[in-house]
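Peer 1: just need the structure, nothing else, for what follows:
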Amino acid sequence: MSKKITKTALPKLRFPEFLGKEEWKEKKLGELTYSISERNKKDKKLPIYSISNINGFVPQSSQFEGVDSHERGYDITLYKIVDKNTFAYNPARINVGSIGYSGELSEVLISSLYVCFKTDDNLDDKFLWNILKSDKFNQAVNNTVEGGIRSYLFYENLATIKIEVPFLPEQQKIAATLSSLDDLLTAQSAKLEALQDHKRGLMQGLFPAAGETVPKRRFPEFRDAGEWEEKKLGDICKMQAGKFVNASNIYAESHESLFPCYGGNGLRGYTKTFTHKGKYSLIGRQGALCGNVMLAAGKFHATEHAVVTTPNSKIDTDWFYYLLVILNLNQYATGAAQPGLAVQNLEKVEIRIPQTETEQQKIANCLSSLDNLIIAQSQKLEALKRHKKGLMQALFPAASEQSA
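Peer 2: Below is the predicted model:
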C-alpha cells in the first residue's frame, strides 16, 4: 500500500471567530508579493546593513567595529535602499535561512546582491515572516533552488513557491499571536544573556586578576584571610587523557545500560563502558575548541581527546572547575592546523588558590547557585521555543499522509 500527500485546507487550530469561515487558499508567492530594487543613485549616506541567517538585518557598523562602513571603499550608488516592511535575502544563501525582514527600519542600504520584495494588500507581512521561518517553507526552498556546487534562488523562482493563506483578518490575528510570543522569547533571551553576563563579571571579581594576589570581590569573612597562594596547576591536581573508544561503539541515543561519552568538545554520545565514576573537570585537548572545560558527574567514558583532572584532597572539586574556566586554557594551545593542549604545558600554568578550602567552597556555592538560575532560565527559554514551534504547526495547514 503506497502513500500519497494530500493538502489540508485548514489548520488543526483555529481562533473561534474564524471557525466556519472560508478555507485557506493555496497561492504562489508571486501572486501576493512583488520585487523591488531601488538603487542609491543619489549617493545618500544612509546606514549600511547586512543580512545574517541568525539575526536578519544587522548594521555593518557592529560587524566592522571602529570602521565607518562608508570608508571601506565601496561604491554605495550601486547599493539598494530598503525601507519599512521589506524582505531581503541573498539568493546564494537563502537555503541556509539567510533572509531578513526590515520591520520598522527605514531608509537603510544593503548590497546590490540582495533580492528584495514586499507584500501586497492581501498578505500581512508578519504573517508571511512566520511562514518564511517555517520548516515547510525551508523544504520548499530546497526543492526550488537551482545550481550545482552553489545553489541560487532568484525572485522569479521564489515567486513560484506555494503557500496557504486565510483571509486577511485571520492572517493578522495569527501574526499578532506569534508576535506576542516572539516578544516574550526576546525578553526571556535577554534575561538569560543578563544572567550569563553577570556570571562572567562575578567570576572575574571572585578570582585574582593577572598580577594580583587577592580577588577584587571577597566575602566579608575572608577579607583578613591573607593573600591567595601562588601555585602551578600541576601542584594541585593530576591530569590524564581519557581512553580511546571506536566511533562504532558510540551511540546517539541514551538508555539505561549506556553511559555518557565525553570527548574534546563535550558530549559525543553514549557507550557501554565507563572510565570514571564521580565528579571531574574535563579539559578538551584537541581542535579549535581545545581548552573548553566541562564538569562531568556519575559514571562516564572520557575519550583520549579529553583531559580528566583529579584535584588533591585540599581542593574543592566545584571551585576547581570554575578556576579552570577562568584560566581561559585555549591560550596555551599549540599548533595551527590542529590546535592542541599538552598535559605538560597545562601543568605549568600559574594559578593562585585561597588558603582555606572554606573560601573555595563559598565561591563555588555562589557560582553554582548562579549556574542553577542559568540552567533554569535556559530550560524556560527552550520550553517557550518548543511551545512556539508546536503552536505554529497547529496554526498553519500542513501536508498530510493518506493511504492510496
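
Peer 1: domain assignment for this protein?
Peer 2: As assigned by automatic domain parsing, the chain contains the domains 1-20+166-201+363-404, 25-165, 229-353.

Peer 1: of these, which is nearest residue 208?
Peer 2: domain 229-353 (5.1 Å; CB to CB). (Glycine included, C-beta is placed from N, CA and C.)

Peer 1: what about the chain, any weak spots by pLDDT?
Peer 2: Scanning the chain with the threshold set as pLDDT under 70 gives 1-9, 62-74, 95-97, 148-149, 399-404.

Peer 1: in CSV: the domains of the chain, plus mean neighbour count.
Peer 2: Formatted as CSV, those follow (neighbours: other CB atoms under 10 Å):
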stretch, mean neighbour count
domain 1-20+166-201+363-404, 14
domain 25-165, 16
domain 229-353, 17
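
Peer 1: quick one: which of the ones you listed is nearest residue 212?
Peer 2: Residue 212 lies closest, by CB to CB, to one member of the domains of the chain: domain 229-353, at 8.1 Å.

Peer 1: in the stretch 151-300 of the chain, which spans are strands?
Peer 2: Assigned by DSSP state E, counting those that start in this stretch, the stretch 151-300 of the chain shows strands spanning 162-165, 229-232, 237-241, 259-263, 266-271, 276-284, 293-302.

Peer 1: I'd like these laid out as JSON lines, including distance to residue 205.
Peer 2: Listed next are those as JSON lines, based on distance: least, CB to CB, whole Å:
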{"stretch": "strand 162-165", "distance to residue 205": "52"}
{"stretch": "strand 229-232", "distance to residue 205": "19"}
{"stretch": "strand 237-241", "distance to residue 205": "24"}
{"stretch": "strand 259-263", "distance to residue 205": "30"}
{"stretch": "strand 266-271", "distance to residue 205": "27"}
{"stretch": "strand 276-284", "distance to residue 205": "21"}
{"stretch": "strand 293-302", "distance to residue 205": "19"}
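
Peer 1: these: which one's closest to residue 142?
Peer 2: Closest to residue 142 of the strands of the stretch 151-300 of the chain is strand 162-165 (CB to CB; 14.5 Å).

Peer 1: quick one: which of the domains of the chain is nearest residue 211?
Peer 2: domain 229-353 (10.4 Å).

Peer 1: how long is that closest one from one end to the other?
Peer 2: 5 Å (CA to CA, to the nearest Å).

Peer 1: check the chain and tell me which residue is nearest its centre.
Peer 2: residue 54 (8.3 Å; CA atoms, centre = their mean).

Peer 1: that one and residue 100, how far apart?
Peer 2: Using CB to CB, to the nearest Å, residue 54 is found at 10 Å from residue 100.

Peer 1: and if you look at residue 107?
Peer 2: Taking CB to CB as the measure, residue 107 falls 16 Å from residue 100.

Peer 1: for this protein, just list every one of the helices.
Peer 2: Secondary structure of the chain (DSSP state H): helices at 29-32, 60-63, 125-132, 135-144, 155-158, 168-206, 233-236, 317-326, 343-346, 357-395.

Peer 1: okay if I get those helices as a markdown table plus distance to residue 269?
Peer 2: Formatted as a markdown table, the helices of the chain follow (distance: least, CB to CB, whole Å):
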| stretch | distance to residue 269 |
| --- | --- |
| helix 29-32 | 41 |
| helix 60-63 | 36 |
| helix 125-132 | 34 |
| helix 135-144 | 25 |
| helix 155-158 | 39 |
| helix 168-206 | 27 |
| helix 233-236 | 29 |
| helix 317-326 | 23 |
| helix 343-346 | 25 |
| helix 357-395 | 21 |
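
Peer 1: ok, residue 269 touching residue 259?
Peer 2: No. With contacts defined as CB atoms under 8 Å, residue 269 does not count as touching residue 259, sitting 10.2 Å away.

Peer 1: and of the helices of the chain, who's closest to residue 245?
Peer 2: Closest to residue 245 of the helices of the chain is helix 343-346 (CB to CB; 19.5 Å).

Peer 1: for that closest one, the distance to its chain's centre please.
Peer 2: The chain centre lies 32 Å from the centre of helix 343-346; the measure is CA atoms, centre = their mean, to the nearest Å.

Peer 1: same question for stretch 106-123.
Peer 2: On CA atoms, centre = their mean, the centre of stretch 106-123 falls 26 Å from that of its chain.

Peer 1: going forward, the N-terminal residue is numbered 306.
Peer 2: Done: numbering now begins at 306, and the last item shifts to stretch 411-428.

Peer 1: bridged to the nearest residue to residue 357 once chain neighbours are set aside, which residues?
Peer 2: With sequence-adjacent residues excluded and distances taken as CB to CB, 6 or more residues apart in numbering, residue 357 is closest to residue 363, at 4.9 Å. Counting by DSSP bridges, residue 363 forms beta bridges with residue 355.

Peer 1: any idea how far residue 363 lies from residue 582?
Peer 2: Per CB to CB, residue 363 is found 47 Å from residue 582.

Peer 1: swap in residue 702?
Peer 2: 52 Å.

Peer 1: can I get the domains of the chain in CSV including distance to residue 513?
Peer 2: Shown next, in CSV, are the domains of the chain (distance: least, CB to CB, whole Å):
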stretch, distance to residue 513
domain 306-325+471-506+668-709, 12
domain 330-470, 29
domain 534-658, 5
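
Peer 1: phi, psi for residue 465 please.
Peer 2: phi -90, psi -10 (degrees, to the nearest 10).

Peer 1: contact partners for it?
Peer 2: Residue 465 makes contact with 333, 334, 335, 449 under the criterion CB atoms under 8 Å, 6 or more residues apart in numbering.

Peer 1: again, only using 6 Å
Peer 2: By CB atoms under 6 Å, 6 or more residues apart in numbering, the contact list for residue 465 reads residue 333.

Peer 1: residue 627 now?
Peer 2: residue 672.

Peer 1: pretty sure residue 626 sits against residue 587.
Peer 2: No. The pair residue 626 / residue 587 is not scored as a contact, 9.5 Å apart, by CB atoms under 6 Å.
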